[in-house]
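J.: This is a predicted model, with the sequence first.
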Amino acid sequence: MSSFILFGLLLTGAWAGPVASPFGKIVGGSPAGVGQYPHQVSLRIGTHFCGGSIISANWVLTAAHCLYGMDIPRITVVVGTNQLNAGGTSYALANAIIHENYNPAGTANDIGLIQVRTNIVTSNLVKIISLASTQPPDFSECRLSGWGLTSFPSEIIPNNLQHIQLYKISLAECRRGLPNFAVYDSNVCTFKGAGQGACKGDSGGPLISGNVQIGVVSWGIPCALGVPDVFTSVPSYRAWIRSYTGI
């Protein structure tokens, strides 16, 4: 069995090769402008631990591994700021949903939902992101945003939201780049090159193409080592999302 770290959880196994890790950072990115990603949220229990995206006035999309085993009532959703140490509005949770077929010993069905207790107030800095119904063509430009580490194995989280342009690749190419790991049809993968990609701390955050969200940060080999990054494919879970949110 392969070893992997979901960007937030360490899961061990017998294989002694590279570890796949839940993402906590963006390597090779740059600071995002104020209001550039108004759908981005920071999930916190005191400090930031995962990202997410606003998909309606009272629902946030994130990764299952960001919620599994957490003290759910203590989580707050912070919106409307690029800075971890200033600004933004905090919302308490009413409910958290982990995909019923998610298993923390693996990476399949790594998707979760958060319902906030009071409706999120939108503004120029706080907006809802639309969800993709289909994946864009291979080699399409995508954008990833998050507060993950900017180098590895550093454990310093950037204060300012980071972003990077990546390229969607086929699942076949993704599997060739990650031969010792399970890449599912319900994943979407990106690649740009060594030194550029997601890392520990970006978990749960949105991958967007155009103006729609196509992926949720799930896992990868830490960090930006020249292999693909793996996301949960939003189109693959539209029916599941709709069953809880009506979206």
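T.: Done, it's in.

J.: start to end distance for stretch 222-239?
T.: End-to-end distance for stretch 222-239, by Cα to Cα, to the nearest Å: 31 Å.

J.: Check stretch 213-229 too.
T.: 16 Å.

J.: pLDDT of stretch 84-94, averaged?
T.: The pLDDT scores in stretch 84-94 average 97.

J.: Could you export the longest strand that the chain contains as CSV, keeping only the C-alpha atoms?
T.: For the chain, the strand that runs over the most residues, judged by DSSP state E, is strand 89-98. Provided in CSV are the C-alpha atoms of strand 89-98 (Å, rounded to 0.1, in the frame of the first residue of the first chain):
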residue,chain,number,x,y,z
THR,A,89,-15.9,38.0,8.6
SER,A,90,-16.3,34.8,10.5
TYR,A,91,-19.2,32.4,10.3
ALA,A,92,-20.0,29.6,12.7
LEU,A,93,-21.0,26.1,11.4
ALA,A,94,-24.5,24.7,11.5
ASN,A,95,-23.5,21.4,9.8
ALA,A,96,-20.6,19.6,8.2
ILE,A,97,-21.0,16.8,5.7
ILE,A,98,-18.3,14.3,4.7
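
J.: ok, that strand: who's next to it in the sheet?
T.: Within its sheet, strand 89-98 is paired with strand 76-79 (antiparallel), strand 112-116 (antiparallel), according to DSSP bridges.

J.: want to throw those strands into CSV with mean pLDDT and distance to G193?
T.: Any C-beta I mention is one placed from the backbone N, CA and C, and that applies to glycine too. Shown next, in CSV, are the strands paired with strand 89-98 (pLDDT from 0 to 100; distance: least, Cβ to Cβ, whole Å):
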stretch, mean pLDDT, distance to G193
strand 76-79, 99, 32
strand 112-116, 99, 30
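
J.: Of these, which stretch is the most buried?
T.: strand 112-116 (a mean of 22; mean count of other Cβ atoms under 10 Å).

J.: contact partners of that strand?
T.: 43, 52, 58-64, 66-68, 75, 77, 91-99, 102, 204, 241, 244-245 (Cβ atoms under 8 Å, 6 or more residues apart in numbering).

J.: Return the helix or strand in the protein with minimum mean pLDDT.
T.: Every helix and strand in the chain was compared by mean pLDDT, DSSP states H and E; the lowest is strand 9-11, with a mean of 33.

J.: Tell me which residues are up against the longest strand of the chain.
T.: 44, 58, 64, 67-68, 72-73, 75-80, 112-118, 120-121, 126, 244.

J.: Pull up the distance across stretch 132-148, start to finish.
T.: Note: stretch 132-148 ends 24 Å apart using Cα to Cα.

J.: actually stretch 134-144, not the one I typed
T.: Stretch 134-144: ends 18 Å apart by Cα to Cα.

J.: three-state assignment of T118?
T.: coil (DSSP: H, G, I helix; E, B strand; the rest coil).

J.: Next, it: phi, psi?
T.: Backbone geometry at T118, expressed as degrees, to the nearest 10, gives phi -130, psi 150.

J.: Can you tell me how far the residue lying closest to it once chain neighbours are set aside is from I120?
T.: Distances taken as Cβ to Cβ, 6 or more residues apart in numbering place Y91 nearest to T118, at 6.4 Å, with adjacent residues excluded. Y91 sits 6 Å away from I120, going by Cβ to Cβ, to the nearest Å.

J.: who touches both of the two?
T.: Contacts common to Y91 and I120, judged by Cβ under 8 Å, 6+ apart, are 77, 79.
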